[in-house]
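J.: Sequence first, then the predicted structure:
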Amino acid sequence: MRVLLGVTGGIAAYKVALVARRLKEDGHSVRVVPTEASLKFVGRATWEALTGEPARSDTFENVPSVEHISLGQRADIVLVAPATADFLASMVSGEARDLLGNALLATHAPVVVAPAMHTEMWRHPATTANVATLLARGVHVIEPASGRLTGSDSGPGRLPEPEDLVAALYAIAQSSQLDVGASNPAEHGWGDLGGCRIVISAGGTREPVDAVRFLGNRSSGHQGFALAEAARERGADVTVVAANVVLPLGEGIARIDVETSAQLADAMGGIAGDADVVIMAAAVADYRPASASTTKIKKDGKALTLELVETEDILASLVTSKRPGQVVVGFAAETGDDAGSVLEYGRAKALQKGADLLVLNAVGETVGFGNVPNSVTILDGAGDVVATGSGSKLAVAHLVLDQAVARLKR
Ligand code: CTP
């Protein structure tokens, strides 16, 4: 499992170091997101050493990877331990004041909290009401244990012992149909694309008609760029071939800008050979003007006929030159019509293209183009559906990468 471990500012944070260690020993991937206050009790270095993963607190670190959203999206389960009274209150009001608050708002995974505080605080009506609200929202609450507290006092409010926290977490995970057995780090790690080279085409090509005009399409590059950011965040070495994309790319991602389908074909042909995964997310023109005028074409009152010739099918070329073990992914933006549904067209295209995966995209006014939610069906080379999903382009990107990772022979 990918466990997101939120640590908030209580003395019991020290016990959670043993929880992190135990989860790692059991073969799970753990990302600790400590609040700033918790770092007064246990430092970042402890978390990073125990988990082998970065332990960031601030939403504004690693911004291009949109980590405040992707951490929550990728977690299989979230445990907040210890959860202070203050943090429970911030969860109730949905505050996103740091990375942990953001991740909790972005996750669909089961959320487990282990409150720890003085008995008076635990019994305070505000805390009681907050816990009741969280329970009503489906949050799992591991009741605090009774016993010696920080000072000389004792009573309910103690964080349960690490082994009890882990047992409670596993019981909740199992009841949510999660596999608590040791997981394959290559498939279920936070950085499961470490050492992997990925080449992604994005955007839409433009084929010159004359000195000022071109034939283009509506692809914005958002999905291709989301794939690049997601792959980078998962540890891959990423190169993007961007066809007419005006968006910025995060640090650490190589970018080659191109304009035409011929330039895109050259760029992809030059670098795809070394890649482990090649993703053709760009919308490539199928036809280009047979010749482009070097000056502006003037109108002369008559109809204008453009002769168009087919462009190279870059995806088909990449499939033909694919080396063993390489995973090639195509995209297919389809609309259904009287002759067939989106899925039928997608199946036919999967078989015809021969890519390992074809991401089928139903395009329309509100789904598909631009920075709008996306809805995809992922087919394998035989045209069988292997995954479906919808959501932000980043969520879709992770879904596509999950499927690519599963096919990588490493
Ligand atoms: N593609 C490509 N080269 C082309 C056309 C498309 O590499 N000349 C790639 C796209 O990047 C995408 C996939 O092929 O990954 C499918 O693109 P799409 O436009 O849906 O399909 P086409 O092959 O162009 O077929 P059609 O337009 O007839 O549906």
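T.: That came through fine. Residues are numbered from 1 along each chain as shown.
J.: residue in the stretch 51-200 of the chain nearest to the ligand?
T.: Closest approach between the stretch 51-200 of the chain and the ligand, counting by Cβ to the nearest ligand atom: I200, at 10.5 Å. Heads up, the C-betas are built off the backbone N, CA and C, glycines and all.
J.: what about that residue, neighbour count?
T.: Applying other Cβ atoms under 10 Å, we find 28 other residues in the vicinity of I200.
J.: do D300 as well
T.: Other residues within reach of D300 by the criterion other Cβ under 10 Å amount to 7.
J.: Equivalent analysis for A211, please.
T.: 11.
J.: Any residues of this structure in contact with the ligand? List them.
T.: By Cβ under 6 Å from any ligand atom, the residues of the chain that approach the ligand are 261, 280, 282, 284, 286, 311, 313-315, 330-333.
J.: Those in strands, which ones?
T.: M280, G330, F331, A332, A333 (DSSP state E).
J.: of those, closest to D380?
T.: Within those, proximity to D380 (Cβ to Cβ) peaks at G330, which comes in at 11.5 Å.
J.: these two touch, right, G216 and T260?
T.: No: here G216 does not reach T260: they are 10.2 Å apart, not a contact under Cβ atoms under 8 Å.
J.: So which of the two has more stuff around it?
T.: Counting neighbours by other Cβ under 10 Å for G216 and for T260 shows that T260 has the greater number, 20 against 16.
J.: doesn't E207 make contact with the more buried one?
T.: Yes: in this structure T260 lies within contact range of E207 using Cβ under 8 Å: 5.8 Å.
J.: shared neighbours of these two, which are they?
T.: Residues touching both T260 and E207 comprise A285, R288, with contact defined as Cβ atoms under 8 Å, 6 or more residues apart in numbering.
J.: which of the ones in strands among the residues of the chain next to the ligand has the most neighbours?
T.: For those, counting by other Cβ under 10 Å, the largest number of neighbours falls to M280: 30 neighbours.
J.: In terms of pLDDT, where does that one sit?
T.: Looking at M280, its pLDDT is 98.
J.: Chain neighbours aside, what residue packs nearest to it?
T.: If you skip the residues right next to it in sequence, M280 has L315 as its closest partner in space, 4.6 Å away by Cβ to Cβ, 6 or more residues apart in numbering.
J.: what do you get for G52?
T.: In space, G52 comes closest to K24 once its chain neighbours are excluded; the distance is 7.7 Å by Cβ to Cβ, 6+ apart.
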